[in-house]
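Visitor: Next come a sequence and a model predicted from it.
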Amino acid sequence: MNEPTRPLIRLRDLKRIYTTEQLETHALDGIDLDIDDGEYVAVEGPSGCGKSTLLSVLGLLDEASGGEYRLAGVPVTDIDAEEQARLRNREIGFIFQSFNLIPEMTVRENVELPLIYRGGLTTTARRQAVDEALARVDMSARAEHRPAQLSGGQQQRAAIARALVGKPSLLLADEPTGNLDSASGERIMQLLDELHADGSTLVMVTHDPDYAARAGRRVRMKDGRIDTDGSVAA
Ligand SMILES: Nc1ncnc2c1ncn2[C@@H]1O[C@H](COP(=O)(O)OP(=O)(O)OP(=O)(O)O)[C@@H](O)[C@H]1O
Ligand SMILES: [Mg+2]
């Protein structure tokens, strides 16, 4: 029997409300979104419209206040924090605007970290996976450097190696070129293009319309909702 293909991500009426003493912010105000395995989606929209919040919820770094989130069929909104952490370690790679590498650790140690958290791999298997990830982003020669000894573009490539070392089903990138000059940014974008061509599912927040146009699909947000959602004309 042919099962219909299930989306990798399925959001229904997803909400995230931040409550402070003065203010209730509906950062996500009822998001419906399906993303299939292998899609490359750009998320755009004005500052404060909820892009980073959406990515944090997708990446299980933040919890929805309401609605439904299914990741690879798992009802994320119904499982406990421990299970969410396991799912995050297994399925998700995160790339941040500010790289978020640990300054005291070498590139190699930073990239190895998700595999240590995940557990269950021998030292040799971890080393091999780290070597492969570093080669993938052309950073093998700088494995023993610390982040401060690297350019911004090199730091971001190390961060991408860390995101993909565990072969996650979903790569999330929040303005991955936001802190880079245009040449380094272009190199990062080429790397994301290649990862997509190799089958990765990518969701990328960007303010740059030229970069957004490289994704297969552009989702534009406004005031915590999806304003437009469409395929990019080839
Ligand atoms: N921890 C928080 N506490 C309270 N409000 C928050 C918090 N994080 C985000 N918000 C609010 O939620 C809304 C959405 O924020 P978010 O960071 O998702 O926007 P964004 O689209 O990523 O903006 P930018 O393009 O500037 O990065 C904003 O109004 C913001 O002030
Ligand atoms: Mg943001």
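Guide: Alright, I've got the coordinates. Ligands and ions are numbered 1, 2, ... in the order given.
Visitor: Using CSV, write out every CA atom in the longest helix seen in the chain.
Guide: The residue-count maximum for a helix in the chain (DSSP state H) belongs to helix 182-197. Provided in CSV are the C-alpha atoms of helix 182-197 (Å, rounded to 0.1, in the frame of the first residue of the first chain):
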residue,chain,number,x,y,z
SER,A,182,29.6,39.4,1.3
ALA,A,183,32.4,37.0,0.1
SER,A,184,32.3,34.9,3.3
GLY,A,185,28.5,35.0,3.1
GLU,A,186,28.5,33.8,-0.4
ARG,A,187,30.7,30.9,0.6
ILE,A,188,28.3,29.9,3.4
MET,A,189,25.3,30.2,1.0
GLN,A,190,27.1,27.9,-1.5
LEU,A,191,27.7,25.4,1.3
LEU,A,192,24.0,25.5,2.2
ASP,A,193,23.1,25.0,-1.5
GLU,A,194,25.3,21.9,-1.6
LEU,A,195,23.8,20.5,1.6
HIS,A,196,20.4,21.0,0.1
ALA,A,197,21.5,19.3,-3.1
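Visitor: Counting by contacts, list what whichever helix or strand comes after that helix packs against.
Guide: As assigned by DSSP states H and E, the chain's next helix or strand after helix 182-197 is strand 201-205. The contact analysis (3 or more C-beta pairs under 8 Å, 6 or more residues apart in numbering; DSSP states H and E) places strand 201-205 against strand 40-44, helix 51-58, strand 170-174, helix 182-197. C-beta: built from backbone N, CA, C; applies to glycine.
Visitor: Mind listing what's buried along the longest helix of the chain?
Guide: Across helix 182-197, burial judged by 16 or more other C-beta atoms under 10 Å covers 184-185, 187-189, 191-192, 195-196.
Visitor: of all those, which comes closest to ligand 1?
Guide: Gly185 (16.5 Å; C-beta to the nearest ligand atom).
Visitor: follow-up on the earlier one: tabulate the helices and strands packed on strand 201-205 (CSV), appending distance to Ala213 and mean pLDDT.
Guide: Shown next, in CSV, are those (distance: least, C-beta to C-beta, whole Å; pLDDT from 0 to 100):
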stretch, distance to Ala213, mean pLDDT
strand 40-44, 8, 98
helix 51-58, 17, 98
strand 170-174, 16, 97
helix 182-197, 11, 94
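Visitor: Relative to Arg86, which of those is closest?
Guide: strand 170-174 (14.6 Å; C-beta to C-beta).
Visitor: For the closest one, which strands pair with it and how are they oriented?
Guide: If you go by DSSP bridges, strand 170-174 pairs up with strand 92-95 (parallel), strand 201-205 (parallel).
Visitor: Flag every buried residue along the last one.
Guide: For strand 201-205, burial by neighbour count (16+ other C-beta under 10 Å) applies to 201-205.
Visitor: what's the helix or strand hosting Arg157 packed up against?
Guide: Using DSSP H and E, the element containing Arg157 is helix 152-164. For helix 152-164, the packing partners by 3+ C-beta pairs under 8 Å, 6+ apart come out as strand 92-95, helix 107-118, helix 123-136, helix 182-197.
Visitor: Adding distance to Arg70, write those out as CSV.
Guide: As requested, those are exported to CSV (distance: least, C-beta to C-beta, whole Å):
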stretch, distance to Arg70
strand 92-95, 14
helix 107-118, 22
helix 123-136, 28
helix 182-197, 22
